[in-house]
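# One predicted model, sequence on top.
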Amino acid sequence: MKTRILSILALLLMAATGAVAQTETLLTTITATGDKQASYSTANVANVSFSTTAQGQLSYLAAWGWWGYGWSATVTAAEGYTITKCIFYDNADRTATDSEAPFVAETTEEDKTPRINGTPIDGGNNQSKGLKKIEVYGYAPFAVTTNSDGNGNYWSTFYNASATQGFTADANTTVYKAALNGTSSVTLTEVTDIAAEQAVILKSTTGTVTLTPATTTADFSDNDLKGGTSVTNGYAAYTLSRGGNNNGTLGFYLYNGATLDGSKAHLEIPTSAAPARSFIGFGDDNTTAIELPALADDEAAEWYSLDGRRLSGKPARKGIYVKDGQKYIIK
């Protein structure tokens, strides 16, 4: 595992670009249009393959669809897609649902009625003639837009709101969970995937991250990144950005809005323990683990007076000053 220490420093916010949480949807409809042929409402989403027993046969009729004795039709997902259920339709639009892989319709050598998990699609009334279409439901890969850090990498946060479905990121992307160390620092740890109802940080070499449905194995028991639109009572939220104008130091900034973006991740710090400087930035104490932009601390940052004059460093006199586009009070 690669780790990275983040240190807490200053005060502000704006969320990094995230993504839309996935829900089960109709991926495609496979329609019988000819002998052992399939048509697709969406290309390269799912496929149906056929097999027959030693004495079996399979034919096609426009009125019946695929029909015959001793044949089976198996539905599989194209790369990047996950099938959660298939609804099979007979020639009279009677239906049967299969919610567990393998997704198969079949007939016996003695009866041409399509069966799903051994149950006749017509309820055993010997009325079905064939299989006309298959609705395929599940999850599709989708894109997350990322923001440049000005140093050749692109970042975003993402909250997986699904209660059951996990995801993996493309080969150009590294996924991190985050564990707070009290209120003074946070450790990033690389993970292999994104579990259901977990929030993560995404680091990519491109401006778009592709997330693909997958079975997940990563341990998120120590993950302090959160999702949702509200903040726990008594806590302050911090979200990922490059400052108020999105051109400063990359880090987690204090969120002052009314409602968080539920598709993104945030950190929460108790308001009673909030540090004087409430910016959670990426430090440079462990650059061999993860290459992140160096933290612009108070001494190295560019400070300005309220009338726009650039100062030589952090001011020593009391007053109101500007740093990273934000106002600060020196007491």
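Good, I have the coordinates. Residues are numbered from 1 along each chain as shown.
# List the buried residues of the helix or strand harbouring residue 48.
Taking DSSP states H and E as the definition, residue 48 sits inside strand 46-61. Residues of strand 46-61 classed as buried: 46, 48, 50, 52, 56, 58, 60 (neighbour count, 16 or more other Cβ atoms under 10 Å). Placement of C-beta: from N, CA and C, glycine included.
# so how far is it from its chain's centroid?
Distance of strand 46-61 from the chain centroid (Cα atoms, centre = their mean, to the nearest Å) equals 37 Å.
# In this structure, where is pLDDT below threshold?
Along the chain, the model assigns pLDDT under 70 to residues 1-22, 183-185, 243-249, 273-302, 304, 306-308, 324-329, 331.
# returning to what we had before: tell me which strands the strand holding residue 48 pairs with, and in which orientation.
strand 65-77 (antiparallel) (DSSP bridges).
# Figure out how far the strand it pairs with is from the centre of its chain.
Distance of strand 65-77 from its chain centroid, counting by Cα atoms, centre = their mean, is 34 Å.
# Can you name the element that comes right after that strand?
strand 82-90.
# Go ahead and name everything in contact with that following strand.
24, 27, 46, 65, 75-77, 95-99, 101, 103, 105, 114, 116, 121-122, 128-139, 165, 213-214 (Cβ atoms under 8 Å, 6 or more residues apart in numbering).
# residues near residue 309, how many?
By the criterion of other Cβ atoms under 10 Å, residue 309 has 9 neighbours.
# ok, back up a step: outside of the strand holding residue 48, which residues touch it?
27-28, 30, 32-38, 40, 66-78, 81, 83, 107, 109, 129-130, 134, 136.
# Same question for stretch 93-101.
Contacts for stretch 93-101 (Cβ under 8 Å, 6+ apart): 83-89, 104-105, 114, 116-117, 119, 121-123, 127-128, 132.
# among the residues you listed, which ones are buried?
Buried by 16+ other Cβ under 10 Å: 83-84, 86-89, 104-105, 114, 116, 121-122, 128, 132, out of these.
# so which of those comes closest to residue 266?
For those, the minimum distance to residue 266 (Cβ to Cβ) is 29.1 Å, reached by residue 84.
# do you know how far that closest one is from residue 101?
Per Cβ to Cβ, to the nearest Å, residue 84 is found 9 Å from residue 101.
# same check, this time on residue 59
27 Å.
# Likewise for residue 204?
In terms of Cβ to Cβ, residue 204 sits 31 Å off from residue 101.
# will you turn the buried ones among the contacts of stretch 93-101 into JSON lines that also has distance to residue 231?
Listed next are those as JSON lines, based on distance: Cβ to Cβ, whole Å:
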{"residue": "83", "distance to residue 231": "37"}
{"residue": "84", "distance to residue 231": "32"}
{"residue": "86", "distance to residue 231": "41"}
{"residue": "87", "distance to residue 231": "41"}
{"residue": "88", "distance to residue 231": "46"}
{"residue": "89", "distance to residue 231": "47"}
{"residue": "104", "distance to residue 231": "47"}
{"residue": "105", "distance to residue 231": "49"}
{"residue": "114", "distance to residue 231": "52"}
{"residue": "116", "distance to residue 231": "46"}
{"residue": "121", "distance to residue 231": "50"}
{"residue": "122", "distance to residue 231": "54"}
{"residue": "128", "distance to residue 231": "55"}
{"residue": "132", "distance to residue 231": "51"}
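# out of the residues you listed, which one sits closest to residue 159?
Lowest distance from residue 159 to the buried ones among the contacts of stretch 93-101 (Cβ to Cβ) belongs to residue 84, with 20.6 Å.
# Report the contact partners of the closest residue to the closest one other than its chain neighbours.
Nearest residue to residue 84 in three dimensions, chain neighbours excluded: residue 138, at 4.4 Å (Cβ to Cβ, 6 or more residues apart in numbering). Counting by Cβ under 8 Å, 6+ apart, residue 138 makes contact with 24, 25, 27, 77, 81, 82, 83, 84, 85, 213.
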